[in-house]
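Peer 1: this is a predicted model, with the sequence first.
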Amino acid sequence: MSAEQVLRVTPQTFARYREGLIALLVDAVHHGASVGFMANLDPAQASQYFNEVHTQLEQGSVLLWVLVEDQRVLASVQLALCQKANGLNRAEVQKLLVLNEARRRGLGQVLIHALEQGARQQHRGLLHLDTEAGSPAENFYSALGYTRVGELPNYCRSPDGHYSPTAIYFKTLSEPQ
């Protein structure tokens, strides 16, 4: 078994990881991940979504990391860079995904550390995210130093269709310059 590698995906390398990203997203949603898609997500819908991600990579508004092992995408995370003139110090952590069979191996933590380093390189000192309130993700982000601000009721639908609150978190990496 080869070692796991965390790689930043660029517009030029995106095609290499595209099919793995599609499979990862479908797997995550089918195992209940509340990441903006419903349980009937199919590869064609996931492919369309990743067309949009590729465009955002080309525009420089999103950064994407994958964690691969033996050429297989096991996990990924995105960082959406605020493009507003008054928000160039902040970015949003999005779609931390880990294949169901690869969970509980610390892959999410490895990816978040890579994402935070990438945020620093982009001079983004304030990270924020939302996650389903009451989910295991809350403990995960708290353990990594993210602070819970509060929650919004009925914010999103889980893949099975029920509405649930979302918890808002932030982490300060550095003060604005």
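Peer 2: Received the coordinates, thanks.
Peer 1: ok now do residue 30, which residues does it touch?
Peer 2: Residues near residue 30 by CB atoms under 8 Å, 6 or more residues apart in numbering: 39, 41, 159. For glycine as for every other residue, the C-beta is placed from the backbone atoms N, C-alpha and C.
Peer 1: any chance of those in CSV, with secondary structure and pLDDT too?
Peer 2: Shown next, in CSV, are the contacts of residue 30 (DSSP: H, G, I helix; E, B strand; the rest coil; pLDDT from 0 to 100):
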residue, secondary structure, pLDDT
39, coil, 85
41, coil, 91
159, coil, 79
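Peer 1: list buried residues within those.
Peer 2: 41, 159 (16 or more other CB atoms under 10 Å).
Peer 1: what is the burial count for the residue lying closest to residue 156 once chain neighbours are set aside?
Peer 2: In this structure, residue 156 finds its nearest non-sequential neighbour in residue 166, 5.7 Å apart by CB to CB, 6 or more residues apart in numbering. For residue 166, the tally of surrounding residues (other CB atoms under 10 Å) stands at 19.
Peer 1: show the model's pLDDT score for residue 166.
Peer 2: pLDDT recorded at residue 166 is 95.
Peer 1: I figured it was touching residue 158, is that so?
Peer 2: No - under the criterion of CB atoms under 8 Å, residue 166 makes no contact with residue 158, lying 10.6 Å away.
Peer 1: overlap of the contact sets of these two?
Peer 2: Joint contacts of residue 166 and residue 158 (CB under 8 Å, 6+ apart) are residue 132.
Peer 1: circling back to that earlier point, distance to residue 133 added to the contacts of residue 30, as TSV?
Peer 2: Below are those laid out as TSV (distance: CB to CB, whole Å):
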residue	distance to residue 133
39	20
41	22
159	16
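Peer 1: any low-confidence regions in the chain?
Peer 2: Applying pLDDT under 70 to the chain picks out residues 1-2, 177.
Peer 1: can you give me the strands in the protein?
Peer 2: Secondary structure of the chain by DSSP state E: the strands cover 5-9, 62-69, 72-81, 90-98, 126-132, 147-157, 163-172.
Peer 1: can I get the ones you listed in CSV with distance to residue 51?
Peer 2: Supplementary listing: these in CSV, determined by distance: least, CB to CB, whole Å:
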stretch, distance to residue 51
strand 5-9, 14
strand 62-69, 13
strand 72-81, 14
strand 90-98, 15
strand 126-132, 24
strand 147-157, 23
strand 163-172, 26
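Peer 1: tell me the contacts of the residue nearest to residue 156?
Peer 2: For residue 166, the contacting residues are 130-133, 151-152, 155-156, by CB under 8 Å, 6+ apart.
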